[in-house]
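Asks: Based on what follows, work out the 3D shape:
(one chain, ligands or ions: 1)
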Amino acid sequence: MKKAPGEEPDEQLTVTAPKEWAAGVPAVTHALEYSLSETSVRRTGVTLLTMNQVGGIDCPGCAWADPSPGHRHLNEYCENGAKHINDEATSRRVTADFFRRHTVSELGRRSDLWLNQQGRLTEPMVKRPGSDHYEPISWHDALGLLAEELKALGTPDEAVFYTSGRVSNEAAFLLQLFARVLGTNNLPDCSNMCHESSGFALHETLGTGKGTVSLEDIHHADLILVVGQNPGTNHPRQLSALEEAKKNGARIIAVNALPEAGLLRFKNPQEPRGVVGRGVRIADQFLQIRSGGDLALFQGLNRMLLEAEDARPGTVLDQEFIRSDTSGFEEFSRHARTVAWEDVLSATALTREEIEKVRDEVLRSERVIVCWAMGVTQQRHGVPTIREIVNFLLLRGNLGRAGAGACPVRGHSNVQGDRTMGVWEQMPDSFLDALGDEFGFDPPRAHGLDSVNSIRAMGEGRVKVFVGVAGNFVRAAPDSAVTEDAMRRCALTAHISTKLNRSHTVCGRTALILPTLGRTERDIQATGEQFITVENSMSEVHSSHGRLEPASKVLLSEVAILCRLAARTLDGTSAVPWAEFEADYGTIRNRISRVVPGLHDFNRRVARPGGIRLPNPVNEGVYATATGKAMFTCNDWEMLHAPEGHLLLQSLRSHDQWNTVPYTDNDRYRGIHGSRRVVLVNPEDVTRLGLSPGQSVDLVSVWADSAGRRAENFTVVPYPTALGCAAAYYPETNVLLPLDSVAETSNQPTAKGMVVRLEPVVAGGK
Ligand code: SF4
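Replies: Numbers count the residues shown, from 1 in each chain. Have a look, this model is predicted:
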């Protein structure tokens, strides 16, 4: 049951059997129930009927692509998208009076769920040094305060500018422009924590950090591998695409440590058989893999494919593609044959027969797609795993042709677009050159700080000002206690936000809340109504038009806040026309079209229904890699090992959650109700560890620094996870993830590979 705004959840856990199918009628009723508990029937109608439609509001949820115009349903959204959009469209308001009634310390003790339930932020607030209250401040004074703090820094590198994937292309472009004109590349973003490993691996091997497939490709694949991904909760409309692929004859193999409902069966509420029938079986084969075993799986598979070619030369590998489009095959081939089967089987916890079955599916399939998400990227070997997936695709020429390719599935609506706009601490010189030429300045070239290194720098006093545009950095980041300490050491923290979250309560000596328009709201500027643009996981850039009246008359758009802040900070020293940009977002897009490849004539082309698909050079046979070809690579690994008495823990989201924000304390698909402090453990492990179902335990993570990171009072729930692998919710378990526990090369936190022990809570003390 959803709690009223003043109430905290009362933590009464009940556990039922996990669901074996996703969506169906319950998805519709839950979506409507949540929406109507947040806002009126009229506002719900406006959001849901315009969501993901041409000329409507782009879903602020995940980055899954929309069907082409003319092929969209009247209700083109999923349960979670509906909840997310109406969570933003809520009628509840956080006013100055709210902050008078609650101290910052008290808010800091509230749950994430409670903070989110208080509603939309309505006016700028400041917490001054030594005070425990936020108090109202005018926009002029708030932006002046922040500008003066930025100007007073010893060097621009003492500031970081964080973005989450909610930020529009226009705002993201302005943010990175402001930071670089100021003189820093300190542009950490949420991508550092979700798909950084994909970007690194794909850049190195294919010359582009993005996926290569379209929705049409998914529909026409013969075989789709869904690896380390839970589409039923995190990208629900992907299930419609997989259903369409199955209708066209595709086979689907799911690879995951948990048998998620959405991987098993899908009842599409748009279809009669999804309402009254049994729905569609999604995975033809489910590989319950040990956490961190994906690299071993793909190496084993690749070895099998090479051996199949040995047995039947000229029939298995795409030799012509390998010759014309790739480099490094010989070395890769030698290396792949050295992979030991016993290592593959122990790292994956799969049988050889299971992997042979996958090989046979691959051999029967002309067109193969691999989809993956954070089950792969948030591993220590995330980058080499994705390189090995690329090897797998290259062997049979599954790139650059219809129905085949690589599909990293992004979790937030514009996380890919923000990167396209230059939000990255390591943008290449080609982008910086174009930016500098367009605006007449010399952008800094030294790499800036990513999310992990920003936390280090704040903790060590090297960064004094944190500016967050959207998101909830404190809860998204690893090592919660370390991150919170780092934020508190800042002289000033400022958040451009729509709703209250933990990051507003864990703040610098001075803290600003700068409330902004949501994507659902009309954005009126001096030249009239504006729209913004976003880019989905499949590189399609399209517009989003707010439809609702803003939550407060005082709100400014993200673009307006950034333009005014930049103008105040730079004091007219830059040639950037900030006021013109604020008045007319079309002028920003004109500039983007001259800086960002593929977005020429941006304003005219984005006005077309469906928008623009950015070209992917890989699909043209162009590879901007070190060899000018798609690169085979040799990847070594060490098995992720949990000592006796320990488990491998992955953090995950509940079904009733969006990123860091739980909407309820239930997880319907996994049968968890009334509490989020649960740890899902294989029943055999429960017995082996001497635990019992329902027992209270502390989770204690094991790391070289012996810091004894502890998450207290979790309830043991027997669950069919892979043997030796446990799962618990994010962000509650971020406290267990050491800042230094990162993926090789990409520096991405390894939230899917924590080594923990479960310590029973003893009544009256530990
Ligand atoms: S699948 Fe993703 S983009 Fe589509 S409605 Fe659901 S949350 Fe929104």
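Asks: which non-adjacent residue is nearest Ala624?
Replies: Gly207 (3.3 Å; Cβ to Cβ, 6 or more residues apart in numbering). Where C-beta positions appear, they are placed from N, C-alpha and C, glycine not excepted.
Asks: ditto for Val46
Replies: That would be Arg547: by Cβ to Cβ, 6+ apart, it lies 5.2 Å from Val46.
Asks: The residue in the stretch 451-600 of the chain positioned nearest to the ligand and Phe298: what is the separation?
Replies: Closest residue of the stretch 451-600 of the chain to the ligand, Cβ to the nearest ligand atom: Asn536 (7.6 Å). Applying Cβ to Cβ, to the nearest Å, the value for Asn536 to Phe298 is 26 Å.
Asks: Those two: which has the busier surroundings?
Replies: Ranked by neighbour count (other Cβ atoms under 10 Å), Asn536 and Phe298 place Phe298 first, with 31 against 24.
Asks: ok, and for the one helix or strand the more buried one maps to, which residues are buried?
Replies: Taking DSSP states H and E as the definition, one finds Phe298 inside helix 294-311. Using 16 or more other Cβ atoms under 10 Å as the test for burial, helix 294-311 gives 294-306, 308-309.
Asks: ok, then the element right after that helix?
Replies: Following helix 294-311 toward the C-terminus (DSSP H and E): helix 319-325.
Asks: Could you give the average pLDDT over that following helix?
Replies: Averaging pLDDT along helix 319-325 gives 98.
Asks: what's in contact with that helix?
Replies: Under the contact criterion Cβ atoms under 8 Å, 6 or more residues apart in numbering, helix 319-325 has outside partners 329, 394-395, 397, 399-400, 621, 623, 629-630.
Asks: Out of the residues you listed, list just those in strands.
Replies: Among the contacts of helix 319-325, the ones falling in strands (DSSP state E) are Ala630.
Asks: Got a quick ChimeraX command for the buried subset of the contacts of helix 319-325?
Replies: Here is the ChimeraX command that selects the buried residues among these (16+ other Cβ under 10 Å):
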select :329,394,395,397,399,400,623,629,630
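Asks: Can you flag which of the contacts of helix 319-325 belong to helices?
Replies: Among the contacts of helix 319-325, the ones falling in helices (DSSP state H) are 329, 394-395.
Asks: between those, which is nearest Glu196?
Replies: The shortest approach to Glu196 among those belongs to Leu394, at 22.3 Å (Cβ to Cβ).
Asks: on that earlier part again, let me know whether the residue nearest to Ala624 touches Val618 as I believe.
Replies: Yes: using Cβ atoms under 8 Å, Gly207 is in contact with Val618, at 7.1 Å.
Asks: Now do the shared contacts for these two.
Replies: By Cβ under 8 Å, 6+ apart, the residues touching both Gly207 and Val618 are Ala630.
Asks: Was I right to think Leu710 contacts Val700?
Replies: Residue 710: Arg, not Leu. Yes: between Arg710 and Val700 there is a contact at 5.1 Å, judged by Cβ under 8 Å.
Asks: Now the common contact residues for these two.
Replies: By Cβ under 8 Å, 6+ apart, the residues touching both Arg710 and Val700 are Leu736.
Asks: where exactly do the helices run in the stretch 51-200 of the chain?
Replies: With DSSP state H, counting those that start in this stretch, the ranges of helices along the stretch 51-200 of the chain come out as 79-88, 96-101, 104-109, 112-117, 139-151, 169-182, 191-194, 196-206.
Asks: So which of those is nearest the ligand?
Replies: Of those, the one closest to the ligand (Cβ to the nearest ligand atom) turns out to be helix 79-88, at 2.5 Å.
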